[in-house]
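Peer 1: what would the 3D arrangement of this be:
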Amino acid sequence: MDDRTTRQRVVDALRDGPATVSELSTRVGAPRSALYDHLRHVARSLDGADERFLVAPPECRDCGFADFDDPVNRPSRCPRCRSESLTEATFVVRPTE
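Peer 2: From the prediction side, this is the model:
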């Protein structure tokens with residue numbers, strides 16, 4: 001039995017390598033909708049002294065827009081071209097160099 005919390009499992013999964021919310025959902029067994037809250041908390045809780053929470057933001061597949069206001073969120077459409085064809089953001093936890 002795994003005694004770690006969902007957030008601990010999320011951080012451990014992100015230490016293993018980059019992942020999207022869909023991939024994290026499968027790895028940690030949590031619903032995608034709940035993972036965004038966990039990711040926001042992880043981003044706030046890592047102080048940057050030992051580890052950093054990094055985000056590769058979502059990108060519009062049609063026009064290439066990637067300057068979203070909140071990359072730790074699932075946008076429904078591109079603000080530039082209104083397309084709904086977006087990649088998922090990718091998250092990772094890396095040691096501070």
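Peer 1: residues contacting the top helix by length along the chain, please?
Peer 2: If you go by DSSP state H, the chain has its longest helix at helix 32-45. Outside helix 32-45, the residues within contact range by Cβ atoms under 8 Å, 6 or more residues apart in numbering are 6-7, 10-11, 14, 21-22, 24-25, 28, 30, 53, 55, 72-74, 91, 93. All C-beta atoms are positioned from the backbone trio N, CA, C, and that covers glycine.
Peer 1: I'd like the next helix or strand past it.
Peer 2: Next helix or strand after helix 32-45 toward the C-terminus (DSSP states H and E): strand 51-56.
Peer 1: got the residue ranges for the helices in this protein?
Peer 2: 6-16, 21-28, 32-45.
Peer 1: tabulate these (a markdown table), appending mean pLDDT and mean neighbour count.
Peer 2: A markdown table is the format used below for the helices of the chain (pLDDT from 0 to 100; neighbours: other Cβ atoms under 10 Å):
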| stretch | mean pLDDT | mean neighbour count |
| --- | --- | --- |
| helix 6-16 | 95 | 17 |
| helix 21-28 | 96 | 17 |
| helix 32-45 | 93 | 15 |
